[in-house]
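Asks: Coordinates for the following, if possible.
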Amino acid sequence: MEGGTTAEREQGLAELQDFVMRTYRALVRVERRRHNTNHLSIDHLARFDVSLISTEDGTLDWFVNEVERGVAVSLFSYSDWQWALSVMDEWGQVTLAWLESVEDA
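Replies: Residues are numbered from 1 along each chain as shown. Below you'll find the predicted structure:
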């Protein structure tokens with residue numbers, strides 16, 4: 001089967017999700033220390049651009065090209081405007097709640 005078996009693809013997806021979550025948690029720790037706050041935009045919305053690279057020993061490693069967070073995030077929404085508008089509407093509500101929580105802190 002092109003692209004691997006179902007089990008191999010599921011394992012690859014699990015490895016990707018694990019890599020992204022470990023990277024996310026590390027970024028949150030660094031940003032909380034650096035900014036001395038628990039109010040981070042990355043907690044509400046983030047997009048990770050992740051790639052694979054072949055190592056010298058023939059294995060594959062994940063690496064992060066970029067991380068976008070908060071209102072700066074690009075969701076590649078140009079193909080489905082209805083979906084993009086629903087995400088923007090929900091994001092607006094989340095942003096307002098976040099701003100109110102920061103203001104109250």
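
Asks: Can you report how many residues lie near residue 73?
Replies: Residues near residue 73, counting by other C-beta atoms under 10 Å, number 16. The C-beta positions use only the backbone N, C-alpha and C, and glycine is treated the same way.

Asks: Could you measure from the closest residue to it other than its chain neighbours over to residue 8?
Replies: Counting by C-beta to C-beta, 6 or more residues apart in numbering, residue 73 lies nearest to residue 47, which is 4.9 Å off, once chain neighbours are set aside. Plainly put, residue 47 is 26 Å away from residue 8 if you go by C-beta to C-beta, to the nearest Å.

Asks: So, low pLDDT: which residues of this protein?
Replies: Counting by pLDDT under 70, the chain has low-confidence residues at 1, 71-72, 74-81, 104-105.

Asks: can you tell me which residue is nearest the centre of it?
Replies: Geometric centre of the chain, nearest residue: residue 47, 3.5 Å, by C-alpha atoms, centre = their mean.

Asks: how would you label it: helix, strand or coil?
Replies: Three-state call for residue 47 (DSSP: H, G, I helix; E, B strand; the rest coil): strand.

Asks: my guess is it meets residue 65, correct?
Replies: No. Contact criterion C-beta atoms under 8 Å: residue 47 and residue 65 do not qualify, at 10.8 Å.

Asks: Show me what counts as buried in the helix ranked longest in the chain.
Replies: Using DSSP state H to define each element, the chain has its longest helix at helix 6-35. Residues 19-20, 23-24, 27, 31 are the ones in helix 6-35 that count as buried (16 or more other C-beta atoms under 10 Å).

Asks: Among those residues, list the two that are farthest apart in space.
Replies: Between any two of the buried residues of helix 6-35, the greatest separation by C-beta to C-beta is 18.5 Å, found for 19 and 31.

Asks: what sits against the closest residue to residue 20 other than its chain neighbours?
Replies: Sequence neighbours aside, residue 48 is the residue nearest to residue 20 in space, at 5.1 Å (criterion: C-beta to C-beta, 6+ apart). Contact analysis of residue 48 by C-beta atoms under 8 Å, 6 or more residues apart in numbering lists 20, 23-24, 64, 66-67.
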